[in-house]
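Asker: what follows is a predicted structure for the sequence shown.
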Amino acid sequence: MATKKVSRIAVLTSGGDAPGMNAAIRAVVRTAIFNKIEVYGIVRGYSGMIEDDIYKMDSKSVANIIQRGGTILKSARSDEFKTPAGRKKAFNNLKKKEIDGLVVIGGDGSFTGALKLSEEHGIPVIGLPGTIDKDCYGTDSTIGFDTAVNTAVENIDKIRDTADAHDRLFIVEVMGRDAGYIALNAGIATGAETILLPETKTDIESVIIGLKRKERRKKLVNLIVVAEGDELGGASEVAKVVKERLPKIDTRVTILGHIQRGGSPSCCDRLIASRMGYHAVVALNEGKRNVMIGIQNGNIVHVPLEDAISKKNQGIDQELLKISHILSI
Ligand SMILES: Nc1ncnc2c1ncn2[C@@H]1O[C@H](COP(=O)(O)OP(=O)(O)OP(=O)(O)O)[C@@H](O)[C@H]1O
Ligand SMILES: O=P(O)(O)OC[C@H]1O[C@](O)(CO)[C@@H](O)[C@@H]1O
Ligand SMILES: [Mg+2]
């Protein structure tokens, strides 16, 4: 075996939790143990790093978790870590335990923090994209996206039943602070008439015109799927305009909210989490640093964290957008 580049690593989950994070933690821990690398778990992301809430993990610590949602390491958002003093405090706790490599499972914000920690204190970091939002450049999917979108679809299907029974318009809000991937995918998969995304300019006039046209055609079921980060301000704001302009349409709002973050991960999420977790440790062991493990066209790739953060995301698939318009006429 080639010389090991790390001998003691730590893993944490940060930002919003995502289904499949546990499968990723399991893969990191077991791959490390297989390679005779000691592995520590940091509780509550960067907050736990600052507070020295760090414990040694073994193969048993990750038994029976691959199927569980949430994260056994817990997750948090830490404002203190955004300051150089907070990161110094955090790094000193790693140094005390002689931890020489770090795996961060989270989204773009977590990667920004990881990169700063590495640049200021020299520790190599590897990022695993763990976010339901899929807002990371350089990877075709992120851990948790597939499960979240399937949860959204399952629930919007239920809403369609009651929309049909009452001839109502439902405006359904899905998660996505800055990204519309859940909205676009779930919207197409549930046959939504209108899909509103943060990435595209929302033309409320054409939404109203479309609804009027459908009213004339006596189209009975109408679904609007809107991402929470849409510039109009989410489902309640859209409903306000629709109710003002088209008072005869019986309109209801449903906000799916955090149910999209929970639940048992899909097979797809368990698989990508296991592959990414394995490759995170392999990368550290080969001396790679400050990259995100991504998947492109089915293959594992190493994306500089710098790019993963600054390029934000891969942009909305224009063809998917076109398909959504055509199929909803
Ligand atoms: N600019 C930054 N500098 C240092 N640390 C940061 C920075 N941005 C974010 N972080 C750290 O990463 C944590 C998580 O970031 P954030 O809340 O943006 O979630 P995320 O990782 O993008 O995941 P998600 O968006 O899926 O919830 C923050 O609470 C903070 O501790
Ligand atoms: O759980 P919190 O802190 O309210 O965060 C909600 C945000 O987290 C996400 O679920 C994941 O980034 C976003 O879609 C959502 O805006
Ligand atoms: Mg984010």
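Answerer: Sure thing, it's come through. Ligands and ions are numbered 1, 2, ... in the order given.
Asker: so where do the strands sit in this protein?
Answerer: Remark: strands assigned in the chain by DSSP state E are 8-13, 38-42, 54-57, 101-106, 125-129, 169-174, 194-196, 222-227, 251-255, 291-296, 299-304.
Asker: CSV please, covering these and showing mean pLDDT.
Answerer: Formatted as CSV, those follow (pLDDT from 0 to 100):
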stretch, mean pLDDT
strand 8-13, 98
strand 38-42, 98
strand 54-57, 98
strand 101-106, 98
strand 125-129, 98
strand 169-174, 97
strand 194-196, 94
strand 222-227, 94
strand 251-255, 97
strand 291-296, 98
strand 299-304, 98
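Asker: closest one to ligand 1 among the ones you listed?
Answerer: Judged by C-beta to the nearest ligand atom, the one of the strands of the chain that comes nearest to ligand 1 is strand 101-106, at 3.7 Å. Where C-beta positions appear, they are placed from N, C-alpha and C, glycine not excepted.
Asker: that closest one vs strand 8-13, what angle?
Answerer: For the pair strand 101-106 and strand 8-13, the angle between their directions (axes from the mean of the first three to the mean of the last three C-alpha atoms, to 10 degrees) equals 10 degrees.
Asker: same for strand 101-106, what does it pack against?
Answerer: Secondary-structure packing of strand 101-106 (3 or more C-beta pairs under 8 Å, 6 or more residues apart in numbering; DSSP states H and E): strand 8-13, helix 21-34, helix 108-121, strand 125-129, helix 267-285.
Asker: check whether it contacts ligand 2.
Answerer: No: against ligand 2, strand 101-106 shows no contacts by C-beta under 6 Å from any ligand atom, the least distance being 9.3 Å.
Asker: can you pull up the most central residue in this protein?
Answerer: Thr131 (1.6 Å; C-alpha atoms, centre = their mean).
Asker: from what I can see that one touches Gly107, true?
Answerer: Yes: between Thr131 and Gly107 there is a contact under C-beta atoms under 8 Å: 3.6 Å.
Asker: give the residues shared as contacts by the two.
Answerer: 15-16, 142 (C-beta atoms under 8 Å, 6 or more residues apart in numbering).
Asker: most neighbours, which of those?
Answerer: Among these, the one with the most neighbours (other C-beta atoms under 10 Å) is Thr142, at 30 neighbours.
Asker: for the residue lying closest to that one once chain neighbours are set aside, what are its contacts?
Answerer: Distances taken as C-beta to C-beta, 6 or more residues apart in numbering place Pro129 nearest to Thr142, at 3.9 Å, with adjacent residues excluded. By C-beta under 8 Å, 6+ apart, the residues touching Pro129 are 107, 136, 139, 142-143, 276, 292-294, 308.
Asker: same for ligand 3: which of the residues you listed are within range?
Answerer: Of the residues in those, proximity to ligand 3 by C-beta under 5 Å from the ion holds for Gly107.
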